Each structure stands twice: as C-alpha cells, then as structure tokens.
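1. Following is a predicted model, sequence given first.
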Amino acid sequence: MSKATTIKAVETLACDAGWRNYHFVKVTTEDGLVGWSEFDEGFGAPGVTAAIERLSARVVGKNTFQHERIYAELFAATRPAAGGVVALALGAIENALLDAKAKALGVPCYELLGGKIRDRVRVYWSHCATWRINHPDWYKPAITDLDGVKAIGREVREKKFSAMKTNIFVYTDGKPTGWRPGFGSPFEPEINVDRNVLRNLCMHLEAIRDGAGPDVDLLLDLNFNAKTEGYLKILRAIADMDMFWVEIDTFNPQALGYIRRRSPHPISSCETLLGLREFLPYFTEQAMDVAIIDTPWNGVWQSMKIANAAEHFEVNVAPHNFYGHLCTMMNAHFCAAVPNLRIMETDIDRLAWDHELFTHVPDYVDDHLVIPDRPGWGTEPNEEGLRAHPPKNKGGLLNYGLKK
C-alpha cells in the first residue's frame, strides 16, 4: 500500500437545501487526494451522519483501493444491526472511496464499473408540478391551480424533455395540496383511498397531460400512499390513461406481485430497499417491471450487484435520484455502465443556489444527460459554497405535516 492510497481522514459536511439539507462524505488520503459522496438524512433516515462518523475509525488507515474489503469489514462490524441507517452509512462511505480510487487512477468512476455502455442517458423530469406545489418558496413559479399544472406540462415539452413524473394531489377550492398519508401528511394511518382522491388524481393527471401533449411519457409515483386495495382502485381509475409506469412502494413483495398481475400499466418499485437480500424476494415474486435502486443509499458498487441480479430475472433498473447534483453524477456513472437500464430520474426544478454548491452541474441535451469524462464522479462539492449556506436543524420528511 502506497502513501497515496492510505486513508487519512473521513469527514461529513452539510448545507442548506431549502426544505431539507444536503449531506456529504469527504475522504482524504495521506497525499491529499479527496474523494466525495453525497448522502441523505431527509428521506426518513435521520442519524446517518452519526453512523458515518462512528464507522470512520475503521476506515482511516485503510487502502482506498480496497473498497470491497472495507465494505465487508464494516458490514461484519455492524451485522447485528444490518440495514437501515447503518446500511446508508456504508453506502455513503463506499461511494466516497470509489471517487477517490477513480481520481487516483485518473479515470471516470464508470471505468471502475466495467466501462460505459452509453454516452448519454435518457432522463425523466421528476416531481413535475410536485416541487412547485409542495415547496413554492423554493421552486418557482409556484403552482396554485390546474392552470399551473397544465403550464408545467407544456414547459416540459417546450424544453424538449420526453418524460415526466408527478404525484398525488387533491384540490380544495381549486388549490392543490399534496396527498401523502403514507408519510403522515395528512395523518391517516389506515391509508384508504376514497372517491375524492381518485377524482382529484385523475383531474391532475389529465391537466398535466393536456399541457404536455400526447408524445411526452407520463409517470406516476404513488409512494407508500395506499394499501393493496387502494393501489388497485387507483390503477382501475387510470386504466385508460397512457402511463409509462406507476411507481408503488410496499414492504410486501407478494402484495406487489398481486398488484402487478392486475395492473394495466407497468409497475416500478423498490427505491427504499437496501442490499441484494431485500431485493431478491421482489425479483423471485416477479413483483415489478422496473427495479428502482437508490445508489447513494446502497453504494454504487453494491448497486451494480443488485442490477446484475435484476438482469437474471429479466428486470430493468432505474436509479432513485432526487438529491443534489453530486448524487445525480453518481447515478449517471451507474447508468452509463449498467446494461439493463430503463431510464434515469432527475429533478429539473432546482434551488436558486444549487449551482453554487458544486464544481460542475449536470449537462442536459434535450431529454438526455451527457456522461462526464472527468476523473471520479465528475463533480464535487464547493466547500466555500457549502459554508455560504449553512445547514438547518430540521427538514425533510420529518417536517411533513408539521405546522410552520
């Protein structure tokens, strides 16, 4: 092991990201080489930073190139509490090691994954209308009615994106409100789907389709917002709509398989799963058409293993990507190298200061993201920019439903 590859320090940093914070791991080698990754605490996972900091003592002094060994050692040390926040910490550390290793070799990260298959990746505009409705202070222009929903559909088409994904909304006196009882907003733990929700969802989808026209693919994310009965009700209500996929989260692979076999539309799922062991029951059940993998959570190297298993079951994959620009670049390298890719998620609506936080931003040409050829992930946090936007004490899903 040379001095150049020995890990000297593992640090965590964070910054303000509007309704949440962005979080980063910084790995520094003895000769000053720096590897970065982005992770998240806002999507139902508080405490990842603490886990990373506790695990870092077992990383310092190790060889940056031996990321598989480091991951295996950390997994062994945390095996009694595998999964959850611990798994997210392991994924964040792995991703920073990949960046450092690629930079040491002077190659893009996709070269570590077998080399790139494609130079550009088709993307869909995620949280279309969603961010401008749910977070109008951060994403402009705010959407306050169906005319605004129709307008953003038109904007997607005019900006030459070929696919968009939205969520569930109900309209009270014409004003939309996000309907997400699966995340406690509103707090309805029974998570039933009534006629009002169905009527409003159809109205919302028809408006965004009207604006986008017939040639833009439409995706719908239902998250954890129903149980099996409710998901089937929604699928029946939108049976005649042309849907690219309907995204459904459930902790029961048999329930999802039951839904898929009765669905008129393709089903995607699994964005909250951690590790191949959690994905396998869904694969064996043939529960979804597209497996969504959160590579910041799982680690890109581990995510390639999940994608390989998906290939065995004749299932394509798509990355879960609704974080900062570094996560987008991490996912871009995964998408460049993985054979069985369906499409890539990305958020086009951004914070006003997002570009200040990173050395490079994603390059979109029409409806594709161009894969960068710079060493590592192709971007890294701008520490001066992070300091200019210090993190808040709260944010993310834990704030959903709370009065301001």
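-> Cool, got the structure.
2. low pLDDT regions in the chain?
-> 1-4, 401-404 (pLDDT under 70).
3. all helices in it, in order from the N-terminus.
-> 48-55, 67-78, 84-105, 130-134, 146-158, 195-212, 228-237, 253-260, 276-284, 295-298, 300-312, 325-337, 383-388 (DSSP state H).
4. Hey, what's the angle from the second one to helix 84-105? Just curious.
-> Using axes from the mean of the first three to the mean of the last three CA atoms, to 10 degrees, the interaxial angle of helix 67-78 with respect to helix 84-105 works out to 160 degrees.
5. Quick one: distance of helix 67-78 to the chain centre.
-> 24 Å (CA atoms, centre = their mean, to the nearest Å).
6. For it, give me every contacting residue.
-> Contacting residues not belonging to helix 67-78 are listed as 55, 58-59, 62-63, 82, 86, 90, 93-94, 97-98, 101, 299, 301-302 [CB atoms under 8 Å, 6 or more residues apart in numbering]. (Each C-beta comes from the backbone N, C-alpha and C, glycine too.)
7. now do the shortest one
-> Helix 295-298 is contacted from outside by 37-40, 87-88, 91-92, 95, 274-275, 303, 306, 319-320, 323, 327, 330-331, 334, using CB under 8 Å, 6+ apart.
8. closest to Gly396 out of the helices of the chain?
-> With CB to CB as the criterion, Gly396 lies closest to helix 48-55 of the helices of the chain, at 11.3 Å.
9. buried stuff in that closest one?
-> Within helix 48-55, the residues that count as buried by 16 or more other CB atoms under 10 Å are 48-49, 51-52, 55.
10. what does stretch 154-169 give?
-> For stretch 154-169, by 16+ other CB under 10 Å, it's 155-156, 161-169.
11. quick revisit: out of the helices of the chain, nearest to Thr177?
-> helix 130-134 (7.7 Å).
12. on contacts alone, who are the packing partners of that closest one?
-> strand 175-178 (3 or more CB pairs under 8 Å, 6 or more residues apart in numbering; DSSP states H and E).
13. Run me through the strand neighbours of the strand it packs on, direction for each.
-> Partners of strand 175-178 in the sheet, by DSSP bridges, are strand 169-172 (antiparallel).
14. can I get the CA coordinates of the partner strand in PDB?
-> Output of strand 169-172 as PDB, limited to C-alpha atoms (Å, rounded to 0.1, in the frame of the first residue of the first chain):
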ATOM      1  CA  PHE A 169     -52.800  15.900  -5.200                       C
ATOM      2  CA  VAL A 170     -56.200  16.900  -4.000                       C
ATOM      3  CA  TYR A 171     -57.800  20.200  -4.900                       C
ATOM      4  CA  THR A 172     -59.700  22.200  -2.300                       C
END
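15. sorry, back to before: possible to save the helices of the chain as a markdown table with distance to Ala9?
-> Formatted as a markdown table, the helices of the chain follow (distance: least, CB to CB, whole Å):
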| stretch | distance to Ala9 |
| --- | --- |
| helix 48-55 | 11 |
| helix 67-78 | 15 |
| helix 84-105 | 11 |
| helix 130-134 | 35 |
| helix 146-158 | 43 |
| helix 195-212 | 47 |
| helix 228-237 | 46 |
| helix 253-260 | 41 |
| helix 276-284 | 30 |
| helix 295-298 | 21 |
| helix 300-312 | 21 |
| helix 325-337 | 19 |
| helix 383-388 | 14 |
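16. So which of these is nearest Lys26?
-> helix 84-105 (7.0 Å).
17. What's the local residue count around Leu351?
-> 20 (other CB atoms under 10 Å).
18. Same question for Gly174.
-> Gly174 has 9 nearby residues by other CB under 10 Å.
19. Check the one 5 residues further on too.
-> Counted with other CB under 10 Å, residues neighbouring Trp179 total 20.
20. that older thread, now the contacts of helix 67-78: which count as buried?
-> Among these, the ones that count as buried (16+ other CB under 10 Å) are 55, 58-59, 62-63, 86, 90, 93-94, 97-98, 101, 299, 301-302.
21. related to what we said a few turns ago, wait, which of the contacts of helix 67-78 is closest to His265?
-> Using CB to CB, Gln302 is the member of the contacts of helix 67-78 that lies nearest His265, at 29.4 Å.
22. mind checking how far stretch 183-191 is from the chain centre?
-> Distance, centroid of stretch 183-191 to centroid of chain: 22 Å (CA atoms, centre = their mean).
23. buried ones in that stretch?
-> For stretch 183-191, by 16+ other CB under 10 Å, it's 183, 185.
24. That one: end-to-end distance?
-> 10 Å (CA to CA, to the nearest Å).
25. Check stretch 69-85 too.
-> By CA to CA, one end of stretch 69-85 lies 20 Å from the other end.
26. list the buried ones in that stretch?
-> Those would be 70-71, 74, 78, 85, for stretch 69-85 by 16+ other CB under 10 Å.
27. ok, how many other residues are close to the closest residue to Val170 other than its chain neighbours?
-> Using CB to CB, 6 or more residues apart in numbering and skipping residues adjacent in sequence, the residue nearest Val170 is Asn200, 4.3 Å away. Look at Asn200: counted by other CB under 10 Å, it has 18 neighbours.
28. isn't Asn200 right up against Asn167?
-> No: Asn200 is not in contact with Asn167 according to CB atoms under 8 Å; the separation is 11.8 Å.
29. Could you report the neighbour count for the spatially closest residue to Gly114 that is not a sequence neighbour?
-> Among residues not flanking Gly114 along the chain, Ala337 sits closest, at 5.3 Å (CB to CB, 6+ apart). Ala337: 23 surrounding residues under other CB under 10 Å.
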